[in-house]
Every structure is written in structure tokens, then in C-alpha cells.
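Novice: Please work out how this folds:
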Amino acid sequence: MELREYFATHGEEENVVAARHAALRNWNERLKFCSACGVALPPVNEDTTECIRECPICHTQHFPRIEPCIIVVVEREGKILLARHRQRNTDIYACIAGFVEAGESIEHAVRREVREETGLEITNIRYRGSQSWPFPDQLMLGFTADYASGEINLQKEEIIDARFFSRDDLPKHPRPGSISYQLIHGLI
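Specialist: I've put the predicted structure just below:
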């Protein structure tokens, strides 16, 4: 079963186990050699409780990579901002999301992503929850925020369309099991 489908049909505790297995499997596939001395690293067991791989020669310790990402629903007058993305899932409307860049805070990343992708300014950023998203190694940090000012001005390289929708009249959007779904439906 594909992991996204698994997330949609299983509970949080089962999803944590599945996400961990996927993340460790991805780590085994991508980190084959020690970055300090170049020797081949033994794989980590996907059932382990310890997330560390030590080089057998130079003893450098390697840890799984986790890339923090933000995902946000912007609210304005009882409606929420959703966008169709150009690169992925082009048939659905989803939350604004993006990677946290080096040197910025999580809140700065939320404001920057909304501004870059839609031209809107936001306020009242509130943390709602998180989800491991091992595609391949992301940690999605979920937020809501309030519209402050501006008109929608799309970043054409990334966004096809963005609009405010009533939660009673939503377009096709992410499935249950994703943090995006939870934010869209006000579940977190």
C-alpha cells in the first residue's frame, strides 16, 4: 500500500510507525558512505529505536536528515486560502507550504512562503500541529494565520491558482491522513 493511502486509512500511532520505517529506509538508500572518511556504512535496522549510524573506521556518527517544512491555512472573513500547485498534485487545491530556509525562524518561513506564493501579508500565526512526511524526509509544521493585507498575486513558477474558499464549499483537496486535510477542515 502506498504510504499516503496508508496515512489516510490508519490512526496516528500506526502512521508514526509507518513514517519511521519509510524515513529509515530512505536514509539507508541515500546514505551509503561516511561523509568523513568515505567508508561504506552498515545499514540501520528499520525496526530500531536508535537513529544513529556510526562509521566502523573513524567513528563519525550519522543521524537521519529531517527537513523542516511549514504548511499554513490563511483565514479571511470565514474563508480559507487554498492553491493549486504547478509542480505536484496539480488536480487539487491545497495549503500553502514550503521549506524552512537556513537562518530563518519557523514564523518567518510561514510569512515568506505566503508572501512569495500569493503576494498576501498575514498576521496572527498560530501553531496547530505537526506530521512526519517522509517524502523523503520532511517534518511538516502546521499553522493557521489571518489575512492582513494585499491582493492575490501568484508566483507563476509554483502556483497555478489560489483563492479563498468556504469550508462548506471546498474544491478537490488532500485526503484524510494528511496535516493539510486536518488544517483545511479545522481539525487541529
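Novice: what about whatever helix or strand E113 lives in, distance to the chain center?
Specialist: For E113, the host element (DSSP states H and E) is helix 106-118. Relative to its chain's centre, helix 106-118 lies at 14 Å (C-alpha atoms, centre = their mean, to the nearest Å).
Novice: in that helix, what's buried?
Specialist: Within helix 106-118, the residues scored as buried using 16 or more other C-beta atoms under 10 Å are A109, V110, R111, E113, V114, R115, E117, T118. Quick note: C-beta positions are derived from backbone N, CA and C, even for glycine.
Novice: Switch those over to JSON lines; also include pLDDT and distance to M1.
Specialist: Formatted as JSON lines, those follow (pLDDT from 0 to 100; distance: C-beta to C-beta, whole Å):
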{"residue": "A109", "pLDDT": "98", "distance to M1": "32"}
{"residue": "V110", "pLDDT": "98", "distance to M1": "32"}
{"residue": "R111", "pLDDT": "98", "distance to M1": "37"}
{"residue": "E113", "pLDDT": "98", "distance to M1": "31"}
{"residue": "V114", "pLDDT": "98", "distance to M1": "34"}
{"residue": "R115", "pLDDT": "98", "distance to M1": "38"}
{"residue": "E117", "pLDDT": "97", "distance to M1": "32"}
{"residue": "T118", "pLDDT": "98", "distance to M1": "34"}
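Novice: for those residues, which one is nearest D168?
Specialist: D168 has its nearest neighbour among these in T118, at 22.1 Å by C-beta to C-beta.
Novice: just the buried residues of helix 106-118 now: which is nearest S149?
Specialist: R115 (10.7 Å).
Novice: Look up the closest residue to that closest one, ignoring the ones flanking it.
Specialist: E121 (6.5 Å; C-beta to C-beta, 6 or more residues apart in numbering).
Novice: Would you mind measuring from the most centrally placed residue in the chain to C55?
Specialist: The chain has M140 as the residue nearest its centroid, 3.4 Å off, counting by C-alpha atoms, centre = their mean. Distance, M140 to C55, using C-beta to C-beta, to the nearest Å: 31 Å.
Novice: Equivalent analysis for F33, please.
Specialist: 9 Å.
Novice: any shared contact partners between the two?
Specialist: Common contact partners of F33 and C55 (C-beta atoms under 8 Å, 6 or more residues apart in numbering): V39, L41.
Novice: Which one's more surrounded, the two?
Specialist: Taking neighbours as other C-beta atoms under 10 Å, F33 and C55 compare with C55 leading, 19 against 12.
Novice: Make sure the more buried one is actually in contact with C37.
Specialist: Yes: C55 lies in contact with C37 (C-beta atoms under 8 Å); the separation is 6.3 Å.
Novice: quick one: the helices in the protein?
Specialist: 3-9, 12-30, 106-118, 179-184 (DSSP state H).
Novice: can you name the farthest residue from the center of the chain?
Specialist: The chain, farthest from centre, C-alpha atoms, centre = their mean: I57 at 35.4 Å.
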